[in-house]
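Chemist: Sequence unavailable; structure follows:
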């Protein structure tokens, strides 16, 4: 049986909007084995991004527990969560969020500024991450000198530079054309299959979901396995 990397047990998330209570997730249970690649689909407002935020320690459940890599996140302080995220979680978003005044290498290096690594070690690790995503020759280029696909690859390199166990991807191909999107998805497959990264990807794109090992459908705060077409 595969080791379970992340586990959600009885998780509900309720937001208060004025006098209205909005339940985004309802008593959700989920187990994510180490090395899994999950695509989560569903309509807007169904709780997909909230689920990612809970797994990444950016939000806490109203009820239930979220455990990742043996750490029970709701019991941790904000400072503890910040430190935990810096070494355990890599985030990949639809928009690349690269700093335009920094080169690709320096953008990738940014998460390591929160660590005790020396400057030499940070540059070494950032260079390795760029090499993994196929952009070693673009290390000194600025975001304005890169294509959209290349910018997303830099963002992926930044996400993996601290060697996190879990990658959380929120519509990672939503701003890309089909051909470039498929290149990025194949890269995620490589990170999953060859580098052992566990990946949870939110997407509206059924073709993107096909690159994952399995798909789940999120609607009205619950999750169900998505039936194959």
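Modeler: Great, that's in hand. Because the structure is predicted, anything quoted here is derived from the model rather than measured. Residues are numbered from 1 along each chain as shown.
Chemist: so how far is residue 159 from the most centrally placed residue in the chain?
Modeler: Within the chain, one residue has its C-alpha closest to the average C-alpha position: by CA atoms, centre = their mean, that is residue 168, at 1.4 Å. Distance check for residue 168 against residue 159: by CB to CB, to the nearest Å, it reads 9 Å. Using the backbone N, CA and C atoms, a C-beta is placed for each residue, glycine as well.
Chemist: what about the strands in the chain?
Modeler: Secondary structure of the chain, counting by DSSP state E: strands at 4-17, 20-33, 37-41, 63-68, 71-72, 89-93, 166-170, 198-202, 214-219, 222-225.
Chemist: ok, back up a step: pairing partners for the residue nearest to the centre of the chain in the sheet, please.
Modeler: Each beta-bridge partner of residue 168 is listed here, defined by DSSP bridges: residue 91, residue 200.
Chemist: Pretty sure it sits against residue 92.
Modeler: Yes. With contact defined as CB atoms under 8 Å, residue 168 reaches residue 92; the gap is 7.2 Å.
Chemist: got any residues that touch both of residue 168 and residue 159?
Modeler: Any residue near both residue 168 and residue 159 by CB atoms under 8 Å, 6 or more residues apart in numbering counts here, and that gives 90-92.
Chemist: Kindly reformat the residues you listed as TSV containing distance to residue 80 and neighbour count.
Modeler: Formatted as TSV, the entries for the shared contacts of residue 168 and residue 159 read as follows, by distance: CB to CB, whole Å; neighbours: other CB atoms under 10 Å:
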residue	distance to residue 80	neighbour count
90	18	25
91	18	21
92	23	23
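Chemist: And stretch 169-177, how far out from the chain middle?
Modeler: 12 Å (CA atoms, centre = their mean, to the nearest Å).
Chemist: Which residue, other than its chain neighbours, is closest to residue 141?
Modeler: residue 104 (5.4 Å; CB to CB, 6 or more residues apart in numbering).
Chemist: Counting neighbours, what do you get for that neighbour?
Modeler: Residues near residue 104, counting by other CB atoms under 10 Å, number 29.
Chemist: Show me what the lowest-mean-pLDDT helix or strand in the chain is packed up against.
Modeler: Among the secondary structure pieces of the chain, namely its helices and strands, strand 222-225 has the lowest mean (mean pLDDT, DSSP states H and E), a mean of 82. Under the contact criterion of 3 or more CB pairs under 8 Å, 6 or more residues apart in numbering; DSSP states H and E, strand 222-225 touches strand 20-33, strand 214-219.
Chemist: And those strands: which comes nearest residue 184?
Modeler: Closest to residue 184 of these, according to CB to CB: strand 214-219, at 17.6 Å.
Chemist: hmm, who's touching whichever helix in the chain runs longest?
Modeler: Looking across the chain with DSSP state H, the single longest helix is helix 178-193. Where contact means CB under 8 Å, 6+ apart, the residues beyond helix 178-193 that reach it are 35, 37, 132-134, 147-149, 152-153, 156, 160, 167, 169, 172-173, 176, 197-199, 201, 205, 207-208, 211, 213.
Chemist: about what we covered before: adding distance to residue 11 as columns, could you present the helices and strands packed on strand 222-225 in JSON lines?
Modeler: As requested, those are exported to JSON lines (distance: least, CB to CB, whole Å):
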{"stretch": "strand 20-33", "distance to residue 11": "5"}
{"stretch": "strand 214-219", "distance to residue 11": "12"}
